[in-house]
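Visitor: After the sequence you'll find the predicted model.
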Amino acid sequence: MQRSRLIELLAKKKSGGISLKEQFELSKWLQGNDEDRELAGQIDELFGMEYRPERTDEDRKNREKSWDRIQKSMHSESGGEPPAPKRPVGFRWRRIIPLAAAVVVLCMAGAWYWHSAVKDAGTRQNIVGTEKGSRSRLTLPDGSKVWLNGDSRISYGASFGKNSRELTLTGEAYFDVAGDPNHPMVIRTAAVTIKVLGTAFNVRAYPDEKNTATTLVQGKVQVSVNHKKQLSYMLSPDEKLIVSNDSGLPEETGGGRPEEVQLPKDITKIKIVKTDSIPPEAQWINNKLVFVNQPLHEVASILSSWYGVSVVVQGGTEMKARRYTGIFENQNIQSVMESLQVAGGFNYKMKNDTILIAP
């Protein structure tokens with residue numbers, strides 16, 4: 001083992017931040033190396049002496065001996081020997097200066113590890129998630145409220161709300177963001193990045209779905225497309241931006257009326273028609289399952305995360321594109337499927353946690 005690595009491990013041990021793996025590495029090395037084990041003991045001895053006053057000549061002599069032994073150990077790595085003193089008055093200082101450098105190295109290593117530990121603590125991620133078929137509500141450190149739909153999660157750093165407000169979303173969430181003009185909230189998904197000061201909006205960003213959709217309820221948000229950095233859109237209340245998770249695929253707009261704007265084929269901006277203070281896309285926070293002119297493949301995906309089952313459409317493209325509208329509140333999956341079957345003219349089978357939809 002390099003002497004620098006040994007000093008690093010000893011410093012971590014002294015700072016109390018040595019890991020179990022590193023402690024095993026250090027112990028195993030010291031067990032098989034008498035000289036380095038003696039050095040570790042000398043450092044322990046020296047640190048113990050540093051906090052005791054020199055009360056007697058014997059204390060002073062013991063300290064000088066410890067410094068001398070550590071100095072010789074430090075010089076042994078380069079194969080050299082410490083310079084011999086020429087006169088008594090300089091004897092102690094010629095020992096102390098090289099040894100002081102060694103102690104400084106040890107202290108610097110400890111300080112480096114402490115700084116790294118603090119940095120790691122600052123970047124540690126808090127992760128909150130839900131299983132399929134469940135929903136949850138939480139309050140972030142800055143006072144913002146978040147509702148998580150089934151099979152969703154958010155992650156944010158331990159310093160969230162102090163110097164910045166950044167988080168990552170997978171799945172679907174409704175945000176009621178606390179105002180803070182100096183620290184905009186930034187929400188990152190696989191397809192888009194959303195920047196907001198204080199507002200309420202819904203984001204659906206499941207990785208296994210075709211699109212990522214941002215629906216604004218109140219305030220303003222700026223949505224940037226990750227795979228096309230030059231594309232950025234400002235949303236006003238009751239507007240919805242749909243971005244294809246695969247930029248090579250054409251977009252299906254679903255419900256609503258497309259705005260008269262020039263957009264790439266994989267990005268759609270629509271105006272939401274709503275009959276309540278909350279648009280249909282966010283009614284799930286009130287425990288309502290709402291479909292507005294949505295294709296069957298989207299309905300199947302929503303039912304899967306809502307009820308914690310697997311809903312599979314076995315029909316062809318035409319059947320998957322068939323559209324449905326309906327509102328369901330506190331109904332079980334079988335009741336919902338019966339209603340959709342009457343409206344859509346398909347057959348379905350339920351087996352364990354899987355629902356198969358066929359013509």
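Guide: Nice, I can see it. Numbering: from 1, shown residues only.
Visitor: neighbouring contacts of stretch 178-188?
Guide: 140, 142-144, 161, 163-169, 175, 177, 193-198, 203 (Cβ atoms under 8 Å, 6 or more residues apart in numbering). (Glycine included, C-beta is placed from N, CA and C.)
Visitor: helices or strands next to the helix or strand hosting L356 in the packing?
Guide: Taking DSSP states H and E as the definition, one finds L356 inside strand 354-358. Packed against strand 354-358 by the contact rule (3 or more Cβ pairs under 8 Å, 6 or more residues apart in numbering; DSSP states H and E) you find helix 296-307, strand 310-313, strand 347-351.
Visitor: 6 Å - rerun?
Guide: strand 310-313, strand 347-351 (3 or more Cβ pairs under 6 Å, 6 or more residues apart in numbering; DSSP states H and E).
Visitor: quick one: that strand to helix 296-307, angle?
Guide: 160 degrees (axes from the mean of the first three to the mean of the last three Cα atoms, to 10 degrees).
Visitor: and strand 354-358, which residues are buried?
Guide: The neighbour-count check on strand 354-358 (16 or more other Cβ atoms under 10 Å) flags I355, I357 as buried.
Visitor: Make JSON lines out of the helices and strands packed on strand 354-358 and add mean pLDDT, mean neighbour count and distance to P181.
Guide: Converted to JSON lines, the helices and strands packed on strand 354-358 look like this (pLDDT from 0 to 100; neighbours: other Cβ atoms under 10 Å; distance: least, Cβ to Cβ, whole Å):
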{"stretch": "strand 310-313", "mean pLDDT": "91", "mean neighbour count": "18", "distance to P181": "43"}
{"stretch": "strand 347-351", "mean pLDDT": "89", "mean neighbour count": "12", "distance to P181": "51"}
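Visitor: Tell me which of those sits nearest to L241.
Guide: Nearest to L241, of all the helices and strands packed on strand 354-358, is strand 310-313, at 25.8 Å by Cβ to Cβ.
Visitor: Give the other helices and strands that the closest one contacts.
Guide: Using 3+ Cβ pairs under 6 Å, 6+ apart, strand 310-313 sits against helix 296-307, strand 354-358.
Visitor: contacts for the first one?
Guide: Helix 296-307 has contacts (Cβ atoms under 6 Å, 6 or more residues apart in numbering) with 132-133, 150-151, 209, 289, 291, 310-311, 313, 320, 322, 324, 333.
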